[in-house]
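Student: dropping a prediction and its sequence here:
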Amino acid sequence: MEAQDIRTRLIALLTTIAPDIDPATLDPVQDVRDQVDFDSMDRLHFAMAISEEFHIDIPEQDYPRLGALQKACEYVQVKLRAGGSSSATGA
Amino acid sequence: MQIDFRLPSLGADMEHATLAEWLKNPGDPVHRGEAIAVVETDKGLIDIESYEDAMVTELVVAPGARIAVGTVMARLSAERAAGAPAREAAAAAVPPQPLPSAGGPLAPAPKPPAPLAPAAPAATAPGRARLSPAARRRAHELGMSPEALEQRMAGKILHVEDVERLAAEAKARPSGVAVAPDARSAMRAVIGSAMARAKREIPHYYLGHAFDFGAVRDWLVRHNATLPVSERLIEGLLVIKAVALAAARIEGFNGYFRDGHFARSTAIHVGTAIAMRGGGLVAPALLDADRKDLKTLMLEFSDLVTRVRTGHMRSSEFMTATITVTSLGEDGVETIYPIINPPQVAIVGTGCVRERPWVHAGSMAARPVLNLTLAADHRVTDGRTGSRFLKTIAELLAAPEKL
């Protein structure tokens, strides 16, 4: 999957959770929570949404790697290349 | 039997709401707990649920009308429910409801519904715009205040497309004030008056207890490692469950103080303070938190947070909390000194868990430590009982596998 495609889908997930996010002004390298109202439950929901959208398992200790858009994008790419939908997300 | 379906009070300081939408028509059956209408309040859109198994016979108020707490919104007929076996059992599980007439000093007496004609488009203030229910919902999704739109677009009828266009225009402006400041200040006023009332009327006492949170952390890592992302539990949920169980064991923290005395509730509905998008705070309840397993509670909690953060809540969740838990989340500071949400008599606060030097198994170690705080009502309990309550919560959290 292309990086641009992953990025677009991540932004769509983000704006579903936090409708007030404006993708145009979002700094991709800065942590989302430092830019908009995005609390710890939002972050959890973001991890859940990514896992579902891309059919990848995300271990809990990896949650911090989803903080900034750019990093989240790279994380998903790596996971997909590693053959994503292995373990718990089969159904 | 004819039943008047009235607008319930959804908080100590709610006096009015605007009917956004009917979800039922005359002739439709409704079940206890099923939503009949959606109203708009300072806290966002809220589903108003029926207390009865019944049939809708008449819709008294029209969408768009601004109505006072206690106003008859619709009439229901209970005929249909005759012999419904689930009714008694269900009714017994519900704690004393803060029905309008039983509200605190700030809750207005129910007003006679007389001035509201059934054909009530007229009840919308003249000169204001009207929003379709879908447009109203879309406005919320976009973080815009429907009231502000009504005022700004006077005389027009707004549909979804209009709302989206206005939102896009607002975004295009340099300052981009998408969240209407008047909605924010209305919310702030609601919080302000509820908390002023709490501070004025309730003789709070405060206790704090710091303890090793390692048992919860270790157990959660093991527990969550086996589960898909969607089923994993979070620390805050275990605290909620522990508070509910402690409230079942130690009396004086779960219930309402009203009309000069404390009435304990056998049901334990834990209000959870959740920050609203764009500012403000609500504390809807996780119902029967002491009796549900962690998996069920997590699903309900997650659903509750999502609906608060996107603006769609249910009346029963607002009216039923018998005790509250508030947390500053992972990003917060280590201690919170909360204020009781009247007519409740206790609120438990959790700070963020931090690694600290701590004596563990006889020597110094870096351990995750949680500061648990309690604000409780001195008219009901004193520090000694409060201390037992906090220690019980900590003890329950030391054995998370049993929660």
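Tutor: Looks like it came in fine.
Student: within the helices and strands, which one has residue B:266?
Tutor: For residue B:266, there is no host helix or strand (DSSP states H and E).
Student: which parts of chain B sit against chain A?
Tutor: Residues of chain B lying close to chain A (Cβ under 8 Å from any Cβ of the partner chain) are B:141-143, B:171, B:176, B:178-179, B:221, B:224-225, B:227-230, B:232, B:234, B:274-275, B:277-278, B:302, B:305-306, B:309-310, B:329-331. Placement of C-beta: from N, CA and C, glycine included.
Student: of those residues, buried ones?
Tutor: Neighbour-count burial (16 or more other Cβ atoms under 10 Å in any protein chain shown) applied to those gives B:141-143, B:178-179, B:224, B:228-230, B:232, B:234, B:274-275, B:277-278, B:302, B:305, B:309-310, B:330.
Student: what's next to stretch B:310-319, contact-wise?
Tutor: A:19, B:8-11, B:33, B:35, B:43-49, B:97-98, B:137, B:140-141, B:276-277, B:282, B:284-285, B:287, B:304, B:307 (Cβ atoms under 8 Å, 6 or more residues apart in numbering or on different chains).
Student: from these, which land in strands?
Tutor: When these are checked against strands (DSSP state E), the matches are B:35, B:44-49, B:282, B:285.
Student: nearest to residue A:24 among those residues?
Tutor: When those are ranked by distance to residue A:24 (Cβ to Cβ), residue B:44 comes first, at 26.1 Å.
Student: gap between that closest one and residue B:279?
Tutor: 12 Å (Cβ to Cβ, to the nearest Å).
Student: which one's more surrounded, these two?
Tutor: Using other Cβ atoms under 10 Å in any protein chain shown as the criterion, residue B:44 and residue B:279 rank with residue B:44 on top: 21 against 15.
Student: so who does the more buried one touch?
Tutor: Each residue near residue B:44 by Cβ under 8 Å, 6+ apart is listed here: B:140, B:276, B:308, B:311-313.
Student: near chain B, which residues of chain A? Just list them.
Tutor: Applying Cβ under 8 Å from any Cβ, we find that chain A lies next to chain B at A:17-20, A:22, A:33, A:37, A:39-42, A:44-45, A:47-48, A:51-52, A:57-60, A:88-89.
Student: buried only: go through the residues you listed for me.
Tutor: Applying 16+ other Cβ under 10 Å to the residues of chain A next to chain B flags A:17-20, A:33, A:37, A:39-42, A:44-45, A:47-48, A:51, A:57-58, A:60, A:88-89 as buried.
Student: tell me the pLDDT of the spatially most central residue of chain B.
Tutor: Taking Cα atoms, centre = their mean, the centroid of chain B lies closest to residue B:284, which sits 1.8 Å from it. Residue B:284 is assigned a pLDDT of 88 by the prediction.
Student: please name the residues that touch it.
Tutor: Going by Cβ under 8 Å, 6+ apart, residue B:284 touches B:271-272, B:274, B:304, B:308, B:313-314, B:317-318, B:321.
Student: so which of the residues you listed is the closest to residue B:374?
Tutor: Nearest to residue B:374, judged by Cβ to Cβ, of those is residue B:271 at 14.5 Å.
Student: so that closest one, which of the three states?
Tutor: Three-state assignment for residue B:271 (DSSP: H, G, I helix; E, B strand; the rest coil): strand.
Student: my guess is it contacts residue B:308. True?
Tutor: No. Checked against Cβ atoms under 8 Å, the pair residue B:271 and residue B:308 is beyond contact range at 11.7 Å.
Student: okay, now residue A:4: neighbour count?
Tutor: 9.
Student: look up phi and psi at it.
Tutor: Main-chain dihedrals, residue A:4, degrees, to the nearest 10: phi -60, psi -40.
Student: and the residues of chain B next to chain A, which of them are in helices?
Tutor: The members of the residues of chain B next to chain A that map onto helices under DSSP state H are B:141, B:171, B:221, B:224-225, B:302, B:305-306, B:309-310.
Student: by how many degrees do the lengthiest helix in chain B and strand B:44-49 diverge?
Tutor: For chain B, the helix reaching the highest residue count under DSSP H is reported as helix B:181-201. Helix B:181-201 and strand B:44-49 are oriented at 70 degrees to each other (axes from the mean of the first three to the mean of the last three Cα atoms, to 10 degrees).
Student: chain center to helix B:181-201: distance?
Tutor: Chain-centre distance of helix B:181-201: 15 Å, with Cα atoms, centre = their mean, to the nearest Å.
Student: by contact count, what packs against that helix?
Tutor: Secondary-structure packing of helix B:181-201 (3 or more Cβ pairs under 8 Å, 6 or more residues apart in numbering or on different chains; DSSP states H and E): helix B:146-152.
Student: do that again at 10 Å, thanks
Tutor: Using 3 or more Cβ pairs under 10 Å, 6 or more residues apart in numbering or on different chains; DSSP states H and E, the elements in contact with helix B:181-201 are strand B:35-41, helix B:146-152, strand B:281-282, strand B:363-377.
Student: now do residue 36, the pLDDT please.
Tutor: Looking at chain A here, since you left the chain open. Reported pLDDT for residue A:36: 81.
Student: let's do chain B instead
Tutor: 90.
Student: now do the contacts for it.
Tutor: For residue B:36, the contact set (Cβ atoms under 10 Å, 6 or more residues apart in numbering or on different chains) comprises B:5, B:22-24, B:28, B:30, B:47-50, B:54, B:56, B:59, B:73-74, B:76, B:315.
Student: let's see that with 6 Å instead.
Tutor: B:23-24, B:30, B:48, B:50 (Cβ atoms under 6 Å, 6 or more residues apart in numbering or on different chains).
Student: same thing with residue B:18?
Tutor: By Cβ under 6 Å, 6+ apart, residue B:18 lies in contact with B:40, B:66.
Student: tell me the SS of it?
Tutor: Put simply, residue B:18 is strand when judged by three-state DSSP.
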